[in-house]
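Asks: Show me how the following folds:
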Amino acid sequence: MPEVLVAGAGPVGLTLAIALARGGIRVRVVDKRAEPGRLPKMERCNARTMENFRRLGLVDVIRAAGLDGDLPMDVFICLENLTRPPLVHHEYPSVHRLKAAYRAVRDGSRPAEPYQLISQYTLEPLLRAAVDALPGARVDFGHELTAFEQDERGVTATIVRADGAAESVRAAYLVGCDGASSTVRHALGIGLRGESMLEMRQALFVSDELYARIPIGQGRHYHFADGLSSYLVVQDDTRRFSLNASGLAEAEMPALFERLVGFPIAYRTEYVGTWRQRLMVADRYRDRRVLLAGDAVHLMIPAGGLGMNTGHADAVDLAWKLTGTLRGWGGPGLLDAYEAERRPVGIRNVGASRKATLGRLAWRSLWRPEITEPGAAGEAVRLALAERADREQRLSNDLLGIELGYRYLDSPIIAHDDGPAPDPDCFAYEPTTAPGARLPHVWLDDGRPVQDILGAEYTMLRVGAEADFSALAKAFARLGVPFRCRDVPSADAAAVYGHPFVLLRPDLHVAWRGSAPPSDMDTADGLAGLVTGWKES
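Replies: A predicted model of the protein is given here:
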């Protein structure tokens, strides 16, 4: 019998299963699809996601399967087709160039891992294989969760196979990672609030020759200044290209693709469908023993690439909280903190996606039919649109602060302080150890990132200082909580962290910081109880 049943075997559900199984939790994932999806959907793991995949032991296999590390990630605003000089060209380095650049940064302002372009149809099988390799974990495609009931001790779910046979599955907890039309969310009667925008037509084309022949240069996104909001996305194998546009019928998409390319190529159409731009957040993330994550609770427009990455962070946060609860060291407030932490981040990231989308709409609103014409009238339109796009399009790509800078400001399991901290909604990242923030990355003296010496327990970092940790160690031990102290052998740590003692949670978010650890048992018990959900803040 699984301890956790997960509905949905997309990247979020599979990440949750991996993190749970690595913590010794028995987990089963069910998905009504017959096999992993074959559509692109997400196409980039951001820096924070790649940091987490490093901790899960998957970063190398994901990079090997994704876009070649030597290829650029440039973004173009194009006029008419790929043969004409672009109106705007934003250069974004390859993974290998970023890795080399990050090595020279010592102030905590860059992550341990850069982004990775990898299509969802590539990522899902990798994550499924990782689940299959872990004891106590299981993934079943062709198995649909159709109903469930919960009581004080667990959840009983009905699972129906593709052949119509049904089984009853009992688990301590159920997590719905089953997407925008979530069966789990609907059964709980939890609504989504927000706005719907353009309906988009998407087509996936395959061409072995296009990428190498693009006259204006290789990149990952090609936006076209037209009246269709069209843009072309290069997928990880550089053979597949997803084209999105509004206002066209299915049969018109191949002709649009040919027109935007601008020169003859061999290609085939693999898929055409529709999707609607939505910016929404669920009213709740939890109902007793049933929890929700990913697109089941937040929907974002691809601008900014925050959708899957936000869901991935939901899974990472939820996994250690479920583990602590199931293993008995987490108090009742630990799982309660999931919604208190992740829903504000969902609202924040939907807002960032909206800002990026409005940026795109701002420059697209300047399009006029005469933009391609020679002469003064066409030149005026081109100049105005290019100037606006050069500024506004960056909101979709330069958002390291959104990716790394989120803080759990309203969390009941964080020992908040009054120290200064940067704006958590800023698109630029400023490193901070303010409680609730992600621990800033520093390089250790031996060349490794600091996260490589940090495990899945609570950790007190000691940065160039001595202190007696016995009271805090005893307080955690009384609760059965895994805990250790760790020196940080890094010449940069003191300047970046600003405090000699930083207490980390298993997800490497700061739970407390100070000039000295608690020295008496009452204070130590209070801190340990607070950050593990046994004591109210």
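
Asks: Helix or strand with the lowest mean pLDDT in the protein?
Replies: Among the helical and strand segments of the chain, the one scoring lowest on mean pLDDT, DSSP states H and E is strand 192-206, with a mean of 92.

Asks: Could you list the low-confidence segments of this structure?
Replies: In the predicted model of the chain, residues 537 satisfy pLDDT under 70.

Asks: Would you mind measuring from the residue lying farthest from the centre of it to His312?
Replies: Largest separation from the mean C-alpha position in the chain: Gly375, at 45.5 Å (Cα atoms, centre = their mean). Look at Gly375 and His312: by Cβ to Cβ, to the nearest Å, they are 50 Å apart. For every residue, glycine as well, the C-beta is placed using N, CA and C.

Asks: still on that earlier bit, now the residue farthest from the centre of the chain: how far from Leu79?
Replies: Gly375 sits 15 Å away from Leu79 when distances are taken as Cβ to Cβ.

Asks: do the same with Arg28
Replies: Taking Cβ to Cβ, one finds Arg28 at 52 Å from Leu79.

Asks: Likewise for Ala157?
Replies: When Cβ to Cβ is applied, the distance between Ala157 and Leu79 equals 53 Å.

Asks: got it, and Arg48?
Replies: Arg48 is 35 Å from Leu79, by Cβ to Cβ.

Asks: Show me the beta-bridge partners of the closest residue to Ile347 other than its chain neighbours.
Replies: Nearest residue to Ile347, sequence neighbours excluded (Cβ to Cβ, 6 or more residues apart in numbering): Val281, at 5.3 Å. On the basis of DSSP bridges, Val281 takes part in beta bridges with Arg193, His298.

Asks: right, and Val281 touches Asp295 too?
Replies: No. Using Cβ atoms under 8 Å as the test, Val281 is too far from Asp295 to be in contact (11.1 Å).

Asks: Who has more neighbours out of those two?
Replies: With neighbours defined as other Cβ atoms under 10 Å, Val281 and Asp295 compare such that Asp295 has more, 26 against 21.

Asks: Render the CA-only coordinates of stretch 428-435 in CSV, please.
Replies: Written as CSV, here are the backbone C-alpha positions of stretch 428-435 (Å, rounded to 0.1, in the frame of the first residue of the first chain):
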residue,chain,number,x,y,z
ALA,A,428,16.4,41.1,-10.6
TYR,A,429,17.9,38.8,-8.0
GLU,A,430,19.6,40.0,-4.8
PRO,A,431,21.0,37.3,-2.5
THR,A,432,19.7,37.3,1.0
THR,A,433,19.6,35.0,4.0
ALA,A,434,16.4,36.6,5.3
PRO,A,435,14.3,33.9,6.8
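
Asks: Residue nearest the middle of the chain, spatially speaking?
Replies: With the centre of the chain defined as its mean C-alpha position, the nearest residue by Cα atoms, centre = their mean is Asn309, 1.2 Å away.

Asks: Assumed that one was part of a strand.
Replies: No. Membership of Asn309 in a strand is not supported by DSSP: H, G, I helix; E, B strand; the rest coil, which gives helix.

Asks: so who does it touch?
Replies: Counting by Cβ atoms under 8 Å, 6 or more residues apart in numbering, Asn309 touches Met42, Arg44, Cys45, Asn46, Arg48, Thr49, Glu403.

Asks: before we move on, what about Arg278?
Replies: Ala180, Gly194, Glu195, Ser196, Met197, Leu299, Met300, Ile301 are the contacts of Arg278 under Cβ under 8 Å, 6+ apart.

Asks: Please report how far it lies from Phe476.
Replies: Separation of Arg278 from Phe476 (Cβ to Cβ): 43 Å.

Asks: measure stretch 128-143 end to end?
Replies: Start to finish, the residues bounding stretch 128-143 are 15 Å apart (Cα to Cα, to the nearest Å).

Asks: In it, which residues are buried?
Replies: Neighbour counts over stretch 128-143 (16 or more other Cβ atoms under 10 Å) mark Arg128, Ala130, Val131, Gly136, Ala137, Val139, His143 as buried.

Asks: Can you tell me which of those is closest to Pro500?
Replies: Sorting those by distance to Pro500 puts Ala130 at the head of the list, at 37.3 Å, by Cβ to Cβ.

Asks: my read: the closest one touches Leu58, true?
Replies: Yes. Between Ala130 and Leu58 a contact is recorded at 6.0 Å, counting by Cβ under 8 Å.

Asks: Mutual contacts of these two, please.
Replies: In the contact map built from Cβ under 8 Å, 6+ apart, the residues linked to both Ala130 and Leu58 are Ile18.

Asks: State the helix or strand in which Met42 lies.
Replies: With the criterion set as DSSP states H and E, no secondary-structure element contains Met42; it sits in neither a helix nor a strand.

Asks: need the contact list for the nearest residue to it once chain neighbours are set aside.
Replies: Nearest in space to Met42, with sequence neighbours left out and distances taken as Cβ to Cβ, 6+ apart, is Met308 at 3.8 Å. Shown here is Met308, whose contacts under the criterion Cβ under 8 Å, 6+ apart are Gly10, Pro11, Val12, Lys41, Met42, Cys45, Thr49, Gln120, Gly294.

Asks: what's the spacing between the third one and Asp317?
Replies: It refers to Val12. As defined by Cβ to Cβ, Val12 lies at a distance of 11 Å from Asp317.

Asks: who's more crowded, those two?
Replies: Looking at Val12 and Asp317 with other Cβ under 10 Å, you find the greater number of neighbours at Val12, namely 30 against 23.

Asks: Give me the three-state assignment for the more buried one.
Replies: With three-state DSSP as the basis, Val12 sits in helix.

Asks: Now it: closest residue in space, sequence neighbours ignored.
Replies: The spatial neighbour of Val12 that comes closest, neighbours along the chain excluded (Cβ to Cβ, 6+ apart), is Gly294 at 3.5 Å.

Asks: One more: Met521?
Replies: With Cβ to Cβ, 6+ apart as the criterion, Met521 has its nearest non-adjacent residue at 5.4 Å, and that residue is Ala471.

Asks: was I right about that neighbour contacting Asp522?
Replies: No. Under the contact definition of Cβ under 8 Å, Ala471 does not touch Asp522, with a separation of 9.1 Å.

Asks: Measure how buried Thr156 is and give me the count.
Replies: Here the count is done by other Cβ under 10 Å, and Thr156 has 15 residues near it.

Asks: Check which residues of the helix or strand hosting it are buried.
Replies: Thr156 belongs to strand 155-161 when elements are defined using DSSP H and E. Within strand 155-161, the residues that qualify as buried by neighbour count (16+ other Cβ under 10 Å) are Val155, Ala157, Ile159, Val160.

Asks: Can you tell me which of those is nearest Val488?
Replies: Distance to Val488 across the buried residues of strand 155-161 (Cβ to Cβ) is lowest for Val155, with 41.4 Å.

Asks: The lengthiest helix in the chain vs strand 192-206, what angle?
Replies: Within the chain, and with DSSP state H defining each element, the longest helix by residue count is helix 332-364. What separates the directions of helix 332-364 and strand 192-206 is an angle of 60 degrees, with axes from the mean of the first three to the mean of the last three Cα atoms, to 10 degrees.

Asks: Helix 332-364 - contacts with which helices or strands?
Replies: Contact here means 3 or more Cβ pairs under 8 Å, 6 or more residues apart in numbering; DSSP states H and E; on that basis helix 332-364 packs against strand 268-282, strand 286-287, strand 298-299, helix 307-326, helix 376-392, helix 400-404.
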